[in-house]
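Chemist: Whatever this is, show me its structure:
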Amino acid sequence: MEKTRLMMSNNKLRSFQNNFAHAVVNDYEPQSFLDDITPAGELKRPEDALDAHREGYYVRLTEALGENFEGTWFALGDDSFFKACRHFIKMNKSTFYNLSDYGKRFPQFLKELDNLNDLPFITDLAKFDWTFKEIFSEKQHVSIEPSKLQELKERPNSKLIFGNAVRIFESEMSVYDIWQLRKEELQKAPDINFENSEYLLLYKKFDEIFVKNLSETQCGILKSLKLGQTFSSVLDDMSEINQEDVINLFQIIGTTGIITQIE
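Modeler: The predicted structure is shown next:
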């Protein structure tokens, strides 16, 4: 009998917890549920207790978005960023235990907002924020010795295996210079030409994150290699390759430590 009573009590608690979480996230509060809430302290009504928890929910997720999208926050400014966050949170409930994983759809969400047309680079900037966040979370990989890359001359059909802490970023607009100003005061930010396409290599080395500019050709080659194509097939597929680009790319691959294995 005591075990049955305990199970009923646990089931009721679990049901209340689920209903409470649903009410906080979805702004829905049936009267039958409100009757089970006893407000504490200065809170007078059950609705007030829910509102307090709702506000805390939005604050925590906004903080998570602020940490993941520092450059975007800088470019938008406080008011616009917080409004965008609240709108996003309403449409995208958190299902993550680790809030550092929250916000993957935020760049696409910003792209769909009509009131940000005066910041045409904002989606690309948000994508860069997320890319930087991803590589920041990655563990440092072990690179091969640069001398091993000489094997490619004798084994041109080999594949290069990239480290996990490597990202190739391309965007329609230049956003890296804007992102670098994210710690500055907005009114002090200089004018930046963001209208050109941008190609970047992000990698972790010595537990630090580095960003290197690429040409469009170098970006294309690295993307193909990262997808598993052999070096010789990549060069065969690309017509009119600038040889200087290829030579410089070999130097980049050798000095950055982005390769962990040659197969």
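Chemist: can we go C-alpha only for contacts and neighbour counts from here?
Modeler: Will do.
Chemist: just the strands in the stretch 101-250 of the chain please.
Modeler: Remark: strands assigned in the stretch 101-250 of the chain by DSSP state E, counting those that start in this stretch are 160-162, 166-171, 198-205, 208-213.
Chemist: Mind listing the strands the third one pairs with, and their directions?
Modeler: Here strand 198-205 is paired, per DSSP bridges, with strand 166-171 (antiparallel), strand 208-213 (antiparallel).
Chemist: Pick the most buried one from the ones you listed.
Modeler: strand 166-171 (a mean of 20; mean count of other CA atoms under 10 Å).
Chemist: List the contacts of that strand.
Modeler: Here strand 166-171 makes contact (CA atoms under 8 Å, 6 or more residues apart in numbering) with 124, 128, 131, 135, 197-204, 219, 222-223, 258.
Chemist: go on, stretch 218-225?
Modeler: So stretch 218-225 is contacted by 159-160, 168, 170, 199-201, 231, 234-235, 245-246, 249 (CA under 8 Å, 6+ apart).
Chemist: let's see it at 10 Å
Modeler: 159-162, 167-170, 198-201, 213-215, 217, 226-235, 237-238, 241-242, 245-250, 252-253 (CA atoms under 10 Å, 6 or more residues apart in numbering).
Chemist: Glu263 contacts Ser158, doesn't it?
Modeler: Yes - the pair Glu263 / Ser158 is scored as a contact, 5.4 Å apart, by CA atoms under 10 Å.
Chemist: And the two? Which one has more around it.
Modeler: Ser158 (18 against 9; other CA atoms under 10 Å).
Chemist: wait, what's in contact with the more buried one?
Modeler: Here Ser158 is in contact with Glu151, Leu152, Gly228, Gln229, Thr230, Phe231, Ser232, Ser233, Ile262, Glu263 (CA under 10 Å, 6+ apart).
Chemist: Next step: these restricted to helices.
Modeler: Assigned to helices by DSSP state H, the following of the contacts of Ser158 qualify: Glu151, Leu152, Phe231, Ser232, Ser233.
Chemist: Let me have those residues in TSV, adding neighbour count, pLDDT and distance to Leu76 as columns.
Modeler: Listed next are these as TSV, based on neighbours: other CA atoms under 10 Å; pLDDT from 0 to 100; distance: CA to CA, whole Å:
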residue	neighbour count	pLDDT	distance to Leu76
Glu151	11	85	48
Leu152	16	83	46
Phe231	20	81	42
Ser232	16	85	44
Ser233	15	89	43
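Chemist: For the stretch 1-150 of the chain, give me the ranges with low pLDDT.
Modeler: 1-53, 95-98 (pLDDT under 70).
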